[in-house]
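Peer 1: please find the sequence and the predicted model below.
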Amino acid sequence: MALVTAVATMLPCMAFAAGAGAPHLDGALLGGLWAVPFACMLLSIAILPLMAPHFWHHHFGKVSAFWGLAFLVPFALKFGTSLALYEVLHTLLLEYIPFIILLFALFTVAGGVRLTGSLVGTPMVNTLLLAIGTVLASWMGTTGAAMLLIRPLLRANAHRKYKVHSVVFFIFLVANIGGSLTPLGDPPLFLGFLKGVSFFWTTIHMFAPMLLVSVLLLAVFFALDTVLFGKEGRPVPPQQDSGEKLGLEGSVNLLLLGGVVAAVLMSGFWKPGVEFVVYHVPVELQNIVRDIVLLVIAGLSLKLTDPESRIKNDFSWGPIAEVAKLFAGIFVSMIPAIAILKAGESGALRSVIQMVTHDGQPVNVMYFWLTGLLSSFLDNAPTYLVFFNTAGGDAMHLMHDMSQTLLAISAGAVFMGANTYIGNAPNFMVRSIAEEQGVKMPSFFGYMAWSCGILVPSFILVTLVFFM
């Protein structure tokens, strides 16, 4: 990863925008060493659960805080507390808090929907669940679809010996690739929509690559699950006389999920032009309203859902608490990495940015792979914007004259969010829910072995078919 390996001297320059009144971090002034705390944060997530599981289980929040401070304290000493405070508030108010509120709302609401009766995790049933989740993800978001269906999948396979692969493919398809067809599906596409990309441009142009990868992965999963199912002796779950018929409990939460989607869309369409400034950070009224509405929806879900139904649904607050603590450290320690990337050819990653053009023409293969690889480890939404702007930033021009370039950026950001646990928000939540229910999930690097072995060949095929 170029961002982590780039090592340069940290420059002792002031990083304030002249005459702008507000502090401003110029990524061109940052060397690669500023990304070390972020790299260490990732390594902690990858290594400590294996090397020191007891310590990690009890202190992962402290580890996250440590690496956030490992960036923040030296940064404040180098550039001043004013800039440090501004950057932290900017990240918290505009990125982290909205991110956590949306996840909390979706986690709470989806956790109130319980599939009653018994689904048996046969290869056909499992494949059907993954296919349904893949379709739903584009219309209710990858997080919403993942939180809605992960528990039914886990319960259906509770009697199975081999179930890790089902969760891994669930992350691939439902938590990532399924969100390719609309701006509702994944945050990068929503940002493109806000920048002027037509709502259904994504549906039309992303359909073929999304279909190719989805069908390929579903076929691989069905074959793998069939082999493992046979290896287990085609197990059947123990007989349970619950008297429950197959159906949905807590269906009011489906309406509330629609409310979550509507609140997110509202914040994109409604522009009242009112903002509140908190230490130079402008917080727009529509975003405040959205977050309040999301919290109200979460409260309604708790009020309207039978607590016993949540208990039967194996619902607990552990996964969202883990995500909140870990991603707080990730968001803060990631500040210099994103700033360097945004600096473009003026930053420490200039050689990476320069790889997407040749003789003044876009190199779509590199747009796909660089957007994707950086999205695997950084927030895929700002990564999408960086390459969107590198390609010119004019939505009309990109849609009509550079459609393959825009397709490459979009597909890279959405597809390759599946490469790591932190590539997209629901990945880590799905992993946490699975582990809480007794599934021994792969480590950070173990999961990447799955993604490199299965996803990367799929992405090579996408490259050959669509970008060569």
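Peer 2: Arrived safely, thanks for sending. Computed from a prediction, not measured in an experiment: that's the story for all the values here.
Peer 1: scan the chain for its longest helix.
Peer 2: In the chain, taking DSSP state H as the definition, the longest helix is helix 199-231.
Peer 1: which strands and helices sit next to that helix?
Peer 2: Other helices and strands packing on helix 199-231, by 3 or more CB pairs under 8 Å, 6 or more residues apart in numbering; DSSP states H and E, are helix 123-140, helix 164-173, helix 187-194, helix 403-415, helix 456-462. (Each C-beta comes from the backbone N, C-alpha and C, glycine too.)
Peer 1: and that helix, average pLDDT?
Peer 2: Averaged across helix 199-231, the pLDDT comes to 95.
Peer 1: rewinding a little: mean pLDDT lowest where, among the helices and strands packed on helix 199-231?
Peer 2: Between the helices and strands packed on helix 199-231, the one with the least mean pLDDT is helix 187-194; it has a mean of 86.
Peer 1: flag every buried residue along that one.
Peer 2: Residues of helix 187-194 classed as buried: 187-193 (neighbour count, 16 or more other CB atoms under 10 Å).
Peer 1: adding distance to residue 280, write the residues you listed out as JSON lines.
Peer 2: As requested, those are arranged in JSON lines below (distance: CB to CB, whole Å):
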{"residue": "187", "distance to residue 280": "24"}
{"residue": "188", "distance to residue 280": "26"}
{"residue": "189", "distance to residue 280": "29"}
{"residue": "190", "distance to residue 280": "25"}
{"residue": "191", "distance to residue 280": "22"}
{"residue": "192", "distance to residue 280": "27"}
{"residue": "193", "distance to residue 280": "27"}
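Peer 1: about what we covered before: ok, then the element right after the longest helix of the chain?
Peer 2: Sequence order places strand 247-249 as the next helix or strand after helix 199-231, per DSSP states H and E.
Peer 1: which neighbouring elements make contact with that following strand?
Peer 2: If you count contacts as 3+ CB pairs under 8 Å, 6+ apart, strand 247-249 packs onto strand 114-116.
Peer 1: and the nearest residue to residue 283 once chain neighbours are set aside, how far from residue 191?
Peer 2: Distances taken as CB to CB, 6 or more residues apart in numbering place residue 276 nearest to residue 283, at 5.0 Å, with adjacent residues excluded. Taking CB to CB, to the nearest Å as the measure, residue 276 and residue 191 are separated by 22 Å.
Peer 1: please apply the same query to residue 308.
Peer 2: With distances defined as CB to CB, the gap from residue 308 to residue 191 amounts to 40 Å.
Peer 1: and residue 420, how many neighbours?
Peer 2: When counting by other CB atoms under 10 Å, one arrives at 21 neighbours for residue 420.
Peer 1: what strand or helix carries the nearest residue to it once chain neighbours are set aside?
Peer 2: Among residues not flanking residue 420 along the chain, residue 376 sits closest, at 5.0 Å (CB to CB, 6+ apart). Element membership of residue 376 [criterion: DSSP H and E] is helix 364-377.
Peer 1: most neighbours per residue, which of the helices and strands packed on helix 199-231?
Peer 2: Neighbour counts (mean count of other CB atoms under 10 Å) averaged over each of the helices and strands packed on helix 199-231 peak at helix 403-415, with a mean of 26.
Peer 1: and the angle from that helix to helix 199-231?
Peer 2: Relative orientation of helix 403-415 with respect to helix 199-231: 40 degrees, computed using axes from the mean of the first three to the mean of the last three CA atoms, to 10 degrees.
Peer 1: could you give the angle of helix 403-415 to helix 187-194?
Peer 2: Relative orientation of helix 403-415 and helix 187-194, computed by the same axes, to 10 degrees: 140 degrees.
Peer 1: what does helix 403-415 rub up against?
Peer 2: 176-177, 179-180, 185-186, 188-189, 192, 197, 202, 205-206, 209, 213, 362, 364-365, 367-373, 375, 380-381, 383-384, 387-388, 391, 398-399, 455, 459, 462, 466-467 (CB atoms under 8 Å, 6 or more residues apart in numbering).
Peer 1: can you give me the buried ones in the next helix or strand after that helix?
Peer 2: For helix 403-415, the succeeding helix or strand toward the C-terminus, using DSSP H and E, is helix 425-436. Residues of helix 425-436 classed as buried under the neighbour-count rule (16+ other CB under 10 Å) are 425-435.
Peer 1: restrict helix 425-436 to CA atoms and write it as CSV.
Peer 2: Only the C-alpha atoms of helix 425-436 are listed here, as CSV (Å, rounded to 0.1, in the frame of the first residue of the first chain):
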residue,chain,number,x,y,z
ALA,A,425,-19.0,0.0,7.2
PRO,A,426,-21.2,-3.1,7.3
ASN,A,427,-18.3,-5.5,6.8
PHE,A,428,-17.1,-5.1,10.4
MET,A,429,-20.6,-5.1,11.8
VAL,A,430,-21.4,-8.4,10.0
ARG,A,431,-18.2,-9.9,11.4
SER,A,432,-19.0,-8.7,14.9
ILE,A,433,-22.5,-10.1,14.8
ALA,A,434,-21.3,-13.5,13.5
GLU,A,435,-18.6,-13.7,16.2
GLU,A,436,-21.1,-12.8,18.9
